[in-house]
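[1] After the sequence you'll find the predicted model.
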Amino acid sequence: MDYHGFPFPQPRAMDKPSRCNNIVAALERQFSAIAHDARRRGLPVAESVPAIWAPWMFGKWTVIVTHPEDARTVLTQGVDVFDKPVFPAAPLLLGNSNIVFSPHEDWKRHRKVVNPAFRRGWSAAHFGDLGQQLFVRLDDAAARGDAVDMKFCMSRLTLEAIAISAFGEPFNALKDANSPMLKAFEAMVANGMNPLVVFARPIAKLTPMWAELKQQVDTFNLHLLTIIARKEAALKARKASGQAASIDDMDLLDLLVDAAEQEGDYTHEDMRNAVVFFLAGHDTTTTALTAAIYLLDMHPEAQQRARAEVLAVLGCPSTDLSAADFPSPTSAETARLPYLTAVIKEAMRLYPSIPHIPPRVTTSTVTLRDGTTLPPGSRIMVAAAAMQRAPWLWDRHNEFDPDRFLGIDADAMHASAHDFKWIPFGAGQRVCLGQAMAVMEMRIVLAMVLARYEWTVAGDDEALRGTPRTSRAGMVQMRDVQIMFKRLA
Ligand code: HEM
């Protein structure tokens, strides 16, 4: 079958994403609508998740693949076959050039500068400290018998993780609800990620929200520029005193400042776009952590098994210890938690934070697994969410079963270890840069929570029935997951 940009069935009856609360239901409805439309046109239809289909998205036909072999082709071929197109996601927040959405040529510049910060590993103690800060909130809620909004708590924690680990500056997101940096960030993101702003900018520009958003971006940038100015002054002072700055002592923002200082082709504007790291690493990790906590309640035997593994590694710390004295796993200890790691992988399989890997565009003619030929300039996306729940790829595809990952090297988070059917972090050259950070953060925080509490889901009705609400648009976010924590005896 040849694809020249028009003969694919347009899923006219497709649900509008904004009306779907649940990603599984949304995907099922989308696929059945597409299948119905294709059958009406006499086209062959796969009986479950289609391996390839092409809806009309953002003003263009977009080929979507859900077969692991096609995923491998799309994500691992070089720039001479696939590139990332300029994808104007949240341009007001991210500017026109950034590491996540820029095409190859521009991306290389960004990646070269930030690579060292992500290569040298992360401080387990930082994440342990965040776990202790989280305990203060959870202890308090447990003592009062209050439910905790899990997404809210995890969202604060993951924001703080990036602020400290990558930028060396706390937001105080867990400690201080009125932290200026936190408030500026949350206000900016709420408007900046609004579907109207992301998908229908010309209309958004006509609304008061646009002016408000511009104001919020300015406020956040001002905070960021203040930090940058401090870093620049420190760098200059260090150089003036003849001390060479070692890359090992520099955080992500130090590296960006240094690159801008050395001029080259790295600019102040690029540096300010560092906000992309907050956006890339914050909601994504929040969803994975919230999903894991939720699923561990719905499956008490898995919660107990994960806890037993953690306690064996941590040596059964007394639950009477204060939050500040509670131990956290070291980096080496996190590598001894295979079952917990399998739980994280299974949570990310069922609720991938990024359901469709950002689009690629063909730079030469490409033939897909079933013989479909795509001419240069075709837009294509890999549907991670659909693939990770496809019944023809997974046994009991909608069930939570961490054991399915135990036969695989526990640390293997790359797609090739899973034959490309598990790809929550993407794959190939543009694979998630923050993967190692996110995995370490999730293992440490979940291990600490398991060692101090047991928990149950409280409300809402859909969550109690096993289908927590998830938000729409481009990312999966868990909503209304209310949890009651109880300190372990
Ligand atoms: C569970 C957490 C996370 C998930 C599921 C996730 C997922 C992803 C995915 C699917 C991509 C796109 C890959 C592609 O286009 O092929 C990506 C890219 C990226 N992520 Fe993550 N991410 C997570 C956490 C983080 C964190 C904590 C950071 C940094 C603080 C981060 C930074 C990035 C960056 C910089 C890119 C662009 C990489 C490039 O193109 O060179 N991510 N992530």
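    Nice, I can see it. Residues are numbered from 1 along each chain as shown.
[2] Spell out which residues of the stretch 251-400 of the chain are next to the ligand.
    Contacts of the stretch 251-400 of the chain with the ligand, taken as C-beta under 6 Å from any ligand atom, map to 277, 280-281, 284-285, 288, 353-354, 357-358. The way it works is simple: take the backbone N, C-alpha and C, and place the C-beta from them, glycine included.
[3] Would you mind giving those residues as JSON lines with distance to residue 136, pLDDT and secondary structure added?
    Below are these laid out as JSON lines (distance: C-beta to C-beta, whole Å; pLDDT from 0 to 100; DSSP: H, G, I helix; E, B strand; the rest coil):
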{"residue": "277", "distance to residue 136": "26", "pLDDT": "88", "secondary structure": "helix"}
{"residue": "280", "distance to residue 136": "27", "pLDDT": "88", "secondary structure": "helix"}
{"residue": "281", "distance to residue 136": "23", "pLDDT": "91", "secondary structure": "helix"}
{"residue": "284", "distance to residue 136": "25", "pLDDT": "95", "secondary structure": "helix"}
{"residue": "285", "distance to residue 136": "20", "pLDDT": "97", "secondary structure": "helix"}
{"residue": "288", "distance to residue 136": "23", "pLDDT": "97", "secondary structure": "helix"}
{"residue": "353", "distance to residue 136": "26", "pLDDT": "93", "secondary structure": "coil"}
{"residue": "354", "distance to residue 136": "31", "pLDDT": "93", "secondary structure": "coil"}
{"residue": "357", "distance to residue 136": "37", "pLDDT": "94", "secondary structure": "strand"}
{"residue": "358", "distance to residue 136": "37", "pLDDT": "91", "secondary structure": "strand"}
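[4] Buried subset of the residues you listed, written for ChimeraX?
    In ChimeraX, a selection of the buried entries from those looks like this (16 or more other C-beta atoms under 10 Å):
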select :277,280,281,284,285,288,353,354,357,358
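[5] In TSV, list the residues of the stretch 251-400 of the chain next to the ligand along with distance to residue 234.
    TSV is the format used below for those (distance: C-beta to C-beta, whole Å):
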residue	distance to residue 234
277	20
280	26
281	24
284	30
285	28
288	34
353	34
354	35
357	38
358	35
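[6] number of nearby residues for whichever residue of the chain sits closest to the ligand?
    For the chain, the residue closest to the ligand is residue 434, as judged by C-beta to the nearest ligand atom, at 2.0 Å. Residue 434 is flanked by 21 other residues according to other C-beta atoms under 10 Å.
[7] go on, the one 3 residues further on?
    Number of residues near residue 437 (other C-beta under 10 Å) recorded here: 23.
[8] got it, and residue 229?
    Neighbours of residue 229 using other C-beta under 10 Å come to 11.
[9] Quick one: mean pLDDT for the one helix or strand it maps to?
    Here residue 229, judged by DSSP states H and E, is contained in helix 208-240. Taken as a whole, helix 208-240 has an average pLDDT of 86.
[10] Which elements pack onto the next helix or strand after it?
    Next along the chain after helix 208-240, taking DSSP H and E as the criterion, comes helix 252-261. With contacts defined as 3 or more C-beta pairs under 8 Å, 6 or more residues apart in numbering; DSSP states H and E, the packing partners of helix 252-261 are helix 104-119, helix 150-167, helix 208-240, helix 268-272.
[11] could the ones you listed be laid out in CSV, adding distance to residue 134?
    Conversion of the helices and strands packed on helix 252-261 to CSV gives the following (distance: least, C-beta to C-beta, whole Å):
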stretch, distance to residue 134
helix 104-119, 24
helix 150-167, 6
helix 208-240, 24
helix 268-272, 30
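[12] most packed of those helices?
    helix 150-167 (a mean of 23; mean count of other C-beta atoms under 10 Å).
[13] so where do the strands sit in the chain?
    Here the chain has its strands, by DSSP state E, at 52-53, 56-57, 60-65, 82-83, 147-149, 356-362, 366-367, 373-374, 379-383, 453-457, 469-470, 478-479, 482-487.
[14] For the first one, which strands pair with it and how are they oriented?
    It refers to strand 52-53. Paired neighbours of strand 52-53 in the sheet (DSSP bridges): strand 60-65 (antiparallel).
[15] Find the residue ranges of the stretch 1-150 of the chain scoring beneath the pLDDT cut-off.
    Scanning the stretch 1-150 of the chain with the threshold set as pLDDT under 70 gives 1-50, 58, 87-91.
[16] and it, which of its residues are near the ligand?
    Counting by C-beta under 6 Å from any ligand atom, the residues of the stretch 1-150 of the chain close to the ligand are 75, 99-100, 107, 111.
[17] Recalculate using a threshold of 5 Å.
    When proximity is defined as C-beta under 5 Å from any ligand atom, the stretch 1-150 of the chain approaches the ligand at 99-100.
[18] re earlier: quick one: closest of the helices and strands packed on helix 252-261 to residue 488.
    When these are compared by C-beta to C-beta, helix 150-167 sits nearest residue 488, at 18.2 Å.
[19] That's all I had, so thanks and see you.
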